[in-house]
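K.L.:
let me see the structure of the following:
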Amino acid sequence: MFEGPAFEEGEQWRALTRIKVRTEPSIKAPQLDDKVIDKGEIFFVAEKRRAKIPTGDKHRMYLRLAAGKGWVFDLGVAGEWYGKPIAQPVYEDEPGDGSDPFSDMGDAVREMFR
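P.N.:
Residues are numbered from 1 along each chain as shown. From the prediction side, this is the model:
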């Protein structure tokens, strides 16, 4: 699991599988200190860079993590995930998993009960 600061800014993304955190925005870059983002984990992206060379018919996005160092990709680079989405943006209006009893309420009301 990738640990970052308690408060993060940036775009929220969700890992669709376990993703290795890399040192640079390159599929050839080494893994950063054995760090990974686990399947289902939400992470914050501070910067996005589009790959110059496509994977199949898609251009990979390199995603710089807002929680300090490291980069991940939005498309898989090997095995069964090659060329398939391994991370996706999380949208504010996305339905929750049912674990938040206040998920249908607005943010202001939700915060009153926390």
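K.L.:
what stretches of this structure score poorly on pLDDT?
P.N.:
1-8, 54-56, 93-114 (pLDDT under 70).
K.L.:
can you give me the helices for it?
P.N.:
107-112 (DSSP state H).
K.L.:
let's check: the centremost residue of it is which one?
P.N.:
Most central in the chain under Cα atoms, centre = their mean is Trp13, positioned 3.7 Å from the mean C-alpha point.
K.L.:
so how far is Ala66 from Ala78?
P.N.:
25 Å (Cβ to Cβ, to the nearest Å). C-betas here are computed from N, CA, C, even on glycine.
K.L.:
what about these two, which has more around it?
P.N.:
Each of Ala78 and Ala66 has its neighbours counted (other Cβ atoms under 10 Å); Ala66 has more, 18 against 9.
K.L.:
name the residues of the longest strand seen in the chain that are buried.
P.N.:
Longest strand in the chain, counting residues (DSSP state E): strand 42-50. Using 16 or more other Cβ atoms under 10 Å as the test for burial, strand 42-50 gives Phe43, Phe44, Val45.
K.L.:
which neighbouring elements make contact with it?
P.N.:
strand 11-15, strand 61-65 (3 or more Cβ pairs under 8 Å, 6 or more residues apart in numbering; DSSP states H and E).
K.L.:
so for Glu92, which of these sits nearest?
P.N.:
Proximity to Glu92 (Cβ to Cβ) singles out strand 11-15 among these, at 8.6 Å.
K.L.:
tell me what the residue nearest to the centre of the chain is bridged to.
P.N.:
Note on Trp13: beta-bridge partners Phe43, Pro89, judged by DSSP bridges.
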